[in-house]
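Enquirer: A structural model of the following input is requested.
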Amino acid sequence: MPQKPIDVHIDLNDLLGLRKGKPGGPDPKALERALVLVNEERSKLSLHPLQALPVLFQVAQAHATDMDQRGYLGNATPEGDPVAAKARRAGYEGKTEILVADGAEQPDGVIREWLASAQYQKHLLSETYQHIGVGTSDGLWTFILGTPPSLQMSDVRELRLSVLRLINEERRRASQPLLELSDQLGTAAHEHCADMAQRDYFGTQSPSGESIASRSKSAGFAGRTVGCLTKGPQSPEEAVTALLASSRGNLLHPDVRFAGIATTAGRWTVILGTR
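Expert: Predicted structure coming up:
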């Protein structure tokens with residue numbers, strides 16, 4: 001089923017199958033504000049805006065209403081039916097991440113609290129998501145973030161592969177074994193990049209003391225790691241040139257075998273790992 005983006009200024013009453021004057025329905029202005037607030041935060045990091053999809057709004061609203069009516073909070077029903085599965089049955093073909101919250105009639109407090117949590121922040125400010133749906137009912141909220149098999153995601157993968165290729169070209173010239181991409185190190189690199197951009201610092205350790213090594217361990221990588229950073233490059237070629245100038249010894253070290261690569265708001269993180 002094609003996923004057609006919608007304008008944020010459309011009539012959400014029509015989108016959700018509501019009629020003016022129907023009591024107990026969601027406030028379309030609150031749903032629109034939720035979308036605007038999320039995209040405002042993403043724009044601060046030069047991330048692409050999330051696009052609203054009718055199917056995700058409808059599934060999110062149905063789940064928020066069900067949570068309200070049956071008195072539970074979670075990303076699945078009491079019977080164990082996940083919201084992600086509902087989205088697939090409704091026709092959304094991509095992967096989804098579900099965020100739920102309670103206690104706020106307006107989205108401002110919910111989003112502010114989520115952005116203060118690394119667990120939620122990494123999803124709201126992730127480069128991997130493209131689509132969003134929002135539902136609310138009596139202070140209960142459901143956000144669905146979607147990742148379709150789209151050209152944009154292909155571009156992100158190509159960027160990482162380009163950085164890896166350029167590094168491996170230098171390693172080949174230095175007669176060193178070639179690196180492989182690691183999903184775990186990629187996750188850690190993305191989290192570190194997003195955190196640097198969100199909290200406006202530049203270094204291998206956050207202001208609160210979280211290191212690249214600890215992020216990598218939390219992501220499930222068992223080997224030793226070292227982080228290589230650069231700020232300002234706009235292309236993989238510029239990034240690798242800058243990284244080689246500052247971290248050539250690490251990038252060409254004979255013991256490293258894996259790499260995680262990420263970029264956010266002009267900040268580039270390459271995490272190198274051993275076996």
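Enquirer: how far out from the middle of the chain is the one helix or strand Thr142 maps to?
Expert: Using DSSP states H and E, Thr142 falls within strand 140-147. Remark: strand 140-147 is offset 12 Å from the chain centroid, using CA atoms, centre = their mean, to the nearest Å.
Enquirer: quick one: the next helix or strand after that strand to strand 140-147, angle?
Expert: The first helix or strand that comes after strand 140-147 along the chain, using DSSP H and E, is helix 151-173. Angle of helix 151-173 versus strand 140-147, following axes from the mean of the first three to the mean of the last three CA atoms, to 10 degrees, is 50 degrees.
Enquirer: so what strands line up beside the helix or strand following helix 151-173?
Expert: Next along the chain after helix 151-173, taking DSSP H and E as the criterion, comes strand 180-181. With DSSP bridges as the test, strand 180-181 is paired with strand 256-264 (parallel).
Enquirer: helices or strands up against the very next helix or strand once past the strand it pairs with?
Expert: Using DSSP H and E, the next helix or strand after strand 256-264 towards the C-terminus is strand 267-274. Applying 3 or more CB pairs under 8 Å, 6 or more residues apart in numbering; DSSP states H and E, one finds that strand 267-274 contacts helix 151-173, helix 183-199, helix 212-218, strand 225-231, helix 236-251, strand 256-264. No exception for glycine: its C-beta is placed from N, CA and C like everyone else's.
Enquirer: pull up the pairing partners for strand 267-274, direction included.
Expert: Strand 267-274 is paired, per DSSP bridges, with strand 225-231 (antiparallel), strand 256-264 (antiparallel).
Enquirer: deepest-packed of these, please.
Expert: strand 256-264 (a mean of 24; mean count of other CB atoms under 10 Å).
Enquirer: what is the rounded mean pLDDT of that one?
Expert: Average pLDDT, strand 256-264: 93.
Enquirer: what of stretch 176-196?
Expert: 91.
Enquirer: how about that stretch as PDB, C-alpha atoms only?
Expert: Extracted in PDB, the C-alpha atoms of stretch 176-196 (Å, rounded to 0.1, in the frame of the first residue of the first chain):
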ATOM      1  CA  GLN A 176      45.900  -3.400   6.800                       C
ATOM      2  CA  PRO A 177      42.800  -5.700   7.000                       C
ATOM      3  CA  LEU A 178      39.600  -4.100   5.800                       C
ATOM      4  CA  LEU A 179      36.900  -3.000   8.300                       C
ATOM      5  CA  GLU A 180      33.300  -4.300   8.400                       C
ATOM      6  CA  LEU A 181      30.300  -2.300   9.500                       C
ATOM      7  CA  SER A 182      29.000  -3.200  13.000                       C
ATOM      8  CA  ASP A 183      25.300  -2.600  13.800                       C
ATOM      9  CA  GLN A 184      26.200  -2.300  17.500                       C
ATOM     10  CA  LEU A 185      28.900   0.200  16.900                       C
ATOM     11  CA  GLY A 186      26.600   2.000  14.500                       C
ATOM     12  CA  THR A 187      23.900   2.300  17.200                       C
ATOM     13  CA  ALA A 188      26.500   3.700  19.600                       C
ATOM     14  CA  ALA A 189      27.900   6.100  17.100                       C
ATOM     15  CA  HIS A 190      24.400   7.500  16.300                       C
ATOM     16  CA  GLU A 191      23.600   7.900  20.000                       C
ATOM     17  CA  HIS A 192      26.800   9.800  20.600                       C
ATOM     18  CA  CYS A 193      26.400  12.000  17.500                       C
ATOM     19  CA  ALA A 194      22.800  12.900  18.400                       C
ATOM     20  CA  ASP A 195      23.800  13.600  22.100                       C
ATOM     21  CA  MET A 196      26.600  15.900  21.000                       C
END
